[in-house]
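Colleague: sequence-free structure coming up:
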């Protein structure tokens, strides 16, 4: 359980490097036993905040308290006993063994000369054990792999024995296995020792999985602060990162998970609009490929819970849909007509047509007659998918006369040019 | 494999024996050979611990008035240069830094040359040159440090560049002085190449306390030197007051290098090579490195000075040339060996 008194407190902090402040009016607190993630796009001020918290950058306004003390009023040694930083990596100029490197973490407790008390050795050994680097003790740090070196850095920070731990993108150079190693060590530390952990993380799924709470920064300000599922939303991805992506709860753990397969940027690259008439899942592959090709895609009219409708929803496309098993009402038809008229191309897939969706063919014919470029996907013969008693076949025939025709998805895409 | 504690003690023992042995050898060898046994007995007698040995009065004078002060001066200068090199290599996180790096050597040289050219070479029995060199070295270091300071922060990279730029300007000024020099050019030339001849005990009485002060100050910095090798930001995160560290390291390095240069002229390679080689042998931990450097620096310079005066005796070679001639190839062999070991590991 988090203790009521926060161990790390930033209140109304503004800080920067002489010019305009990089972070403005940031207030955040981390209690003992709590792992708080700090997320945000590049340049949002995460590293600046880490520097403020770790006594490397005096804030221009606001206050910092670490374990109840102002680190800027304390000496460097005193501050290093209260807060330990895990940097991305270390690159020693000279060759040091792992043991020597971890022992450097005890510096804030040691006199200028001398090997240290037995207590310091015990603390260093415990830190090496916690970070699983005890077997590397005599190895020179520069001979280690990136993952091993990162754990050595972690051990060095753990040896500081500080109640507050700040991780500055500790997973940047690591593969997934080592990322999980490092984060589970940190998690355990918070739970067992009641440490307060602030972790700058790039990977939102990782942040959602490992943190109790997440603070999102954007342009130097806190935009949200709350439980992972409250913070990591498609709204955050859109407004802060400028990407459209779906966020779903993980099936096993319930952690918010960004669906990477569905990510796209909010502004289309090509600037071209395509409207797709789909249904029964016939349009799904096409929608995906058009989106990837940079088209701004709209779809409709679809029936809800149709596969094509689900895909469009996940991709957050402009769409018109009506309830399942119901006919297309005039209002939806008008909305869809508008989407078609604003498109550069209208694509009609070879879906089965019946009374419920026959209106789509009339809308497409109207668009084609109005001069909108129209393409038909005609892989399955219309005779096999006409459930309207001939009306669909007639409309399809009219469309074929004025529209381009392709017999496969590939042919269709290449026909777009 | 890391050297264990036992191996480290053995290394220190070997270095100590080498220091005493090389000193004894240097006092014994010369135009008049005096056996090491006689030298030891003379010293024991002088310390009041034994009877006067049966050696000539001339031998006594040679040992106490000529060779011993010279060997002692070589020790102090070697020690000061080696410790200054250790400090600068740690400060700049660069194993190729040496005491000349922030312009101390060239500043000292300029001070000395100015005094020589302006005819002050004999002021205070020759000590005027030393004083000018010492002041010149310290002033240059201070100037470079101020150049690199922006507000309260000193950027180490700027410090390095400022040092190089200032040294270049100073060397131009030295060339100017030398073009105006007449017969003093020989003493300038000898000063620039370094040497320890005929300084007597007075030089040691002045330099030894300065060197001692520098060493004691450096001892207080060893732990911070270790942390600084992780980079300034990381060192600060681990509790090092980096601004104070940089101030002290520059001041101590300038003091040590300035003191050495003021009595011996410019002697290269000792400050560069000694810490580097010792690091290969005892590791990078400055708490182990510093004692080894304290023993190896003096040994190296005593031996180099011995070579400089016996190879073409009675001609003396410039000491700076000898240190480079001995040190350079030795250094290259070590580098190659180290590289081969590194590639064997990788």
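Modeller: That came through, no problem. As the structure is a prediction and not an experimental result, all values here were calculated from the model. Numbers count the residues shown, from 1 in each chain, chains lettered A, B, ... in the order given.
Colleague: rest of the way, CA atoms for contacts and neighbours
Modeller: Fine.
Colleague: what about residue B:114, distance to residue B:237?
Modeller: Remark: distance between residue B:114 and residue B:237 (C-alpha to C-alpha, to the nearest Å) = 46 Å.
Colleague: neighbour count for these two, which is higher?
Modeller: Per other C-alpha atoms under 10 Å in any protein chain shown, whichever of residue B:114 and residue B:237 has more neighbours is residue B:237, with 28 against 23.
Colleague: make sure the more buried one is actually in contact with residue A:82.
Modeller: No - using C-alpha atoms under 8 Å, residue B:237 is not in contact with residue A:82, being 10.7 Å away.
Colleague: just the strands in the stretch 301-417 of chain A please.
Modeller: With DSSP state E, counting those that start in this stretch, the ranges of strands along the stretch 301-417 of chain A come out as A:318-322, A:345-348, A:373-377, A:404-406.
Colleague: can you list contacts of the last one?
Modeller: Just to be clear, that refers to strand A:404-406. A:374, A:375, A:376, A:377, A:378, A:379, A:412, A:415 (C-alpha atoms under 8 Å, 6 or more residues apart in numbering or on different chains).
Colleague: next one: stretch A:130-147
Modeller: Identification of contacts with stretch A:130-147 by C-alpha under 8 Å, 6+ apart yields A:91-92, A:95-99, A:101, A:125, A:128, A:148-149, A:151-152, A:154-155, A:173-175, A:178, A:182, A:185, B:1-2, B:345-346.
Colleague: redo that, cut-off 6 Å
Modeller: By C-alpha atoms under 6 Å, 6 or more residues apart in numbering or on different chains, the surrounding residues in contact with stretch A:130-147 are A:96, A:97, A:98, A:99, A:128, A:151, A:155, A:174, A:178.
Colleague: skipping its backbone neighbours, what lies nearest residue A:343 in space?
Modeller: Closest residue to residue A:343 apart from its sequence neighbours, by C-alpha to C-alpha, 6 or more residues apart in numbering or on different chains: residue A:273 at 4.8 Å.
Colleague: oh sorry, the question was meant for residue B:230
Modeller: What sits nearest to residue B:230 in space, not counting adjacent residues and going by C-alpha to C-alpha, 6+ apart, is residue A:92, at 4.5 Å.
Colleague: so the one you found, which of the three states?
Modeller: The three-state assignment at residue A:92 reads coil, by DSSP: H, G, I helix; E, B strand; the rest coil.
Colleague: residue A:220 is in contact with residue A:47, isn't it?
Modeller: No - look at residue A:220 against residue A:47 with C-alpha atoms under 6 Å: they stay out of range, at 10.4 Å.
Colleague: more neighbours, those two?
Modeller: Comparing residue A:220 with residue A:47 by other C-alpha under 10 Å, the one with more neighbours is residue A:220, at 23 against 17.
Colleague: list the contacts for the nearest residue to the more buried one once chain neighbours are set aside?
Modeller: Excluding its sequence neighbours, the residue lying closest to residue A:220 (C-alpha to C-alpha, 6+ apart) is residue A:23, at 3.8 Å. Contact analysis of residue A:23 by C-alpha under 6 Å, 6+ apart lists A:14, A:15, A:45, A:220.
Colleague: what subset of those is buried?
Modeller: A:14, A:15, A:45, A:220 (16 or more other C-alpha atoms under 10 Å in any protein chain shown).
Colleague: just the endpoints, please. Distance across stretch A:281-300?
Modeller: Start-to-end span of stretch A:281-300 (C-alpha to C-alpha) is 13 Å.
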